[in-house]
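Enquirer: Below is the sequence, then the predicted model.
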Amino acid sequence: MDAIYGRGFVYDGQGNRVFSGGLALAPPSDINNLTLLGYANPDYNFGINNKFSYKNFTFSFQFDGRIGGVIWNEVYKDGMNGGTAIESASGDFGA
């Protein structure tokens, strides 16, 4: 139920993603030919918290994290679309 499907990307014969104008090329849109992009739910959640008190001083901390899953980065998408992301640079500024 948490699977994310999409168009995926175009790859060359060596398995490298094909780019045009700084953006990865997507195959033609076909609702019957979607690719599994990943899963939204993480494989593992973890967390720890603790609290120490001594007289009038209290110290507490918390660590938590997620391992696995797919996260959509809207800022990265906008940077690639607008040409402001470093990966979209070419010439003297990019690779």
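Expert: Yep, that arrived.

Enquirer: quick one, helices of the protein?
Expert: Using DSSP state H, the helices of the chain run over 74-82.

Enquirer: Centre-most residue in it?
Expert: By Cα atoms, centre = their mean, the chain has its centre lying nearest to residue 71, at 4.8 Å.

Enquirer: OK, contacts around residue 2?
Expert: By Cβ atoms under 8 Å, 6 or more residues apart in numbering, residue 2 lies in contact with 39-41. Backbone N, C-alpha and C define where each C-beta goes, glycine included.

Enquirer: Next, format the residues you listed as CSV and append neighbour count and pLDDT.
Expert: Formatted as CSV, the contacts of residue 2 follow (neighbours: other Cβ atoms under 10 Å; pLDDT from 0 to 100):
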residue, neighbour count, pLDDT
39, 14, 83
40, 13, 82
41, 12, 87
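
Enquirer: Now go through these and say which are in strands.
Expert: residue 39 (DSSP state E).

Enquirer: now, which of the contacts of residue 2 sits nearest residue 89?
Expert: residue 40 (30.6 Å; Cβ to Cβ).

Enquirer: In contact with that closest one, which residues are there?
Expert: Going by Cβ under 8 Å, 6+ apart, residue 40 touches 2-4, 69-70.

Enquirer: same thing but at 10 Å, please
Expert: By Cβ atoms under 10 Å, 6 or more residues apart in numbering, residue 40 lies in contact with 1-4, 69-72.

Enquirer: From these, list the buried ones, please.
Expert: The neighbour-count criterion (16 or more other Cβ atoms under 10 Å) marks none of the contacts of residue 40 as buried.

Enquirer: Show me the shaky parts of this structure.
Expert: Within the chain, the ranges that satisfy pLDDT under 70 run 90-95.

Enquirer: hey, where'd the strands end up in it?
Expert: Assigned by DSSP E, the chain shows strands spanning 3-6, 19-20, 23-24, 35-39, 44-54, 57-67.

Enquirer: helices or strands next to the fourth one in the packing?
Expert: So that's strand 35-39. strand 3-6 (3 or more Cβ pairs under 10 Å, 6 or more residues apart in numbering; DSSP states H and E).
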